[in-house]
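Participant: coordinates for the following, if possible.
(one chain, ligands or ions: 1)
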Amino acid sequence: MRPHPNVTLDGAQSRTGTRFWIFPQPPFIPGYEQPDRVWLSILPDEIGSGPSDTLMYVVDPLYDKQPYGSSRLPPFGGARRPAVQPGPDRHYDCLDPMSRPYLGVHAYGCIHFVLDIWQSYLGRPIRWFFDAALPRLEIVPFVDWDNAQAGYGFLELGCSRAGGSPRPYALNFDAIAHELGHLIILSEMGIPVGVSRESDFFPFSEGFSDCVSLISFLYFDSAIDRLLRRTRGNLLLFNELNRFAETSPESQIRLATNFRRMSEVTREPHDRALPFVGAVFDSIIDLYHRNLVANGCAAPRLLNVDLRELTLDEFDWFRELTAESFVAKPLFFRLSLMAARDQIGRALGAVLKDLHPATLTFNQAARAIVNAAEGAAAERLEENFAWREISGSRRP
Ligand SMILES: [Zn+2]
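Facilitator: Model (predicted):
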């Protein structure tokens, strides 16, 4: 059998968005070798060569460019590789997703994918914090540097050598989403002027950006599907959600499934962010369980135990039970997780504009998130922020 080719050149399809390939996790992660075909809300007519549009553009330097820094800022003025063109149907999913030119297309696609999600949570379009001086974000898909960074007018991606072979961050959705998270925070909250190094603003930015990455990852149908099938619906098991910005299957840079409380972390921003990320992750899982129970897929007892203190016997009992109902009703597991994701994502997105970099504390951010959340989400967030010693509990 031969599948039908994409022959639509115009008409209704070109008015519904543009198709790209995106790898939900880097393609060297087992199980993620194939990219997902996604529809971005931007229309083919709105994308120029590069790709580029009114918000951003890709620049791929011909030689090894130095990373941007305080004395080096965009726009890049040197020699560059040819701008990538879409396929004849003006979509980008007929290009080879593993080719060198696709690096920039992949980064561009990831940024739009994440923006589509977070602009929905924020309820309005993002205006870059640098747009008075630089109207568009410059995306540099490859810099010979083992890092990824976003700053004033740019998002640039290096290359990890972990594992022996070069692994470009341009194929790493987590890393791109995290960096874009920083740009979203600055664009919504403003630039931290005169903020001390000890301020909670910097660890908050790290934690929030990890949450942007985590929640955005849960928008890939294939990722949710793989995650649930692999764990048979039991997300207490080790899974994709707690591997952030992964550079090889063995190395984990940050962990969302951690048990750290504020009294147990240092002032180093990534370390100090851990309780916040942990509380958000726990809240998604708690709501997922609550939704499973509501859908008749798990025993109500699941809601009355402290999951951090489960005994092995209890854990096995829950695992067996969820595995059984996962076979019978997989769709409800999917819906339960998607609903949990959005309950938390909406609350996170709602608070940024009301937080101020100069005075921000984790306690204040947590209060605002709880106040922005609804019903069970507010209750779970409040409980988890309190357990992490980020904020006090209202209850005695
Ligand atoms: Zn960061």
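
Participant: lowest-scoring secondary structure element of the protein by mean pLDDT?
Facilitator: helix 312-328 (a mean of 83; mean pLDDT, DSSP states H and E).

Participant: list the buried ones in the next helix or strand after that one?
Facilitator: In the C-terminal direction, the helix or strand that comes right after helix 312-328 (DSSP states H and E) is helix 330-351. For helix 330-351, a neighbour-count test (16 or more other Cβ atoms under 10 Å) marks 330, 332-334, 336-351 as buried. All C-beta spots, glycine's among them, are computed from the backbone N, C-alpha and C.

Participant: what's helix 330-351 packed up against?
Facilitator: Using 3 or more Cβ pairs under 8 Å, 6 or more residues apart in numbering; DSSP states H and E as the contact test, the elements touching helix 330-351 are helix 102-122, helix 201-217, helix 221-231, helix 274-294, helix 362-372, helix 375-387.

Participant: burial measure for Leu55, as a count.
Facilitator: Using other Cβ atoms under 10 Å, Leu55 has 18 other residues around it.

Participant: residues touching it, list them.
Facilitator: Leu55 makes contacts with 115, 126, 128, 136-137, as judged by Cβ atoms under 8 Å, 6 or more residues apart in numbering.

Participant: filter those down to the ones in helices?
Facilitator: Taking DSSP state H, the ones among the contacts of Leu55 that sit in helices are Leu115.

Participant: check pLDDT for the contacts of Leu55 and point me to the minimum.
Facilitator: For the contacts of Leu55, the minimum pLDDT belongs to Ile126; the value there is 93.

Participant: can you give me the neighbour number for that one?
Facilitator: Neighbourhood size, Ile126 [other Cβ under 10 Å]: 17.

Participant: gap between it and Gly345?
Facilitator: When distances are taken as Cβ to Cβ, to the nearest Å, Ile126 and Gly345 turn out to be 15 Å apart.

Participant: give me the domain ranges for the chain.
Facilitator: Here the domain assignment for the chain is 17-62+92-189, 222-387, based on automatic domain parsing.

Participant: worst average pLDDT in these?
Facilitator: domain 222-387 (a mean of 84).

Participant: for the closest residue in space to Asp286 that isn't next to it in sequence, what are its contacts?
Facilitator: Spatial nearest neighbour of Asp286, chain neighbours left out: Arg380 (4.4 Å); criterion: Cβ to Cβ, 6 or more residues apart in numbering. With contacts taken as Cβ under 8 Å, 6+ apart, Arg380 has the following neighbours: 282-283, 286-287, 290.

Participant: follow-up on the earlier one: now the helices and strands packed on helix 330-351 in CSV, with distance to Glu264?
Facilitator: Supplementary listing: those in CSV, determined by distance: least, Cβ to Cβ, whole Å:
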stretch, distance to Glu264
helix 102-122, 30
helix 201-217, 14
helix 221-231, 27
helix 274-294, 8
helix 362-372, 14
helix 375-387, 12
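
Participant: quick one: contacts for Leu43?
Facilitator: Counted by Cβ under 8 Å, 6+ apart, Leu43 has contacts 14-18.

Participant: wait, Gly181
Facilitator: Gly181 sits in contact with 114, 205, 208-213, where contact means Cβ under 8 Å, 6+ apart.
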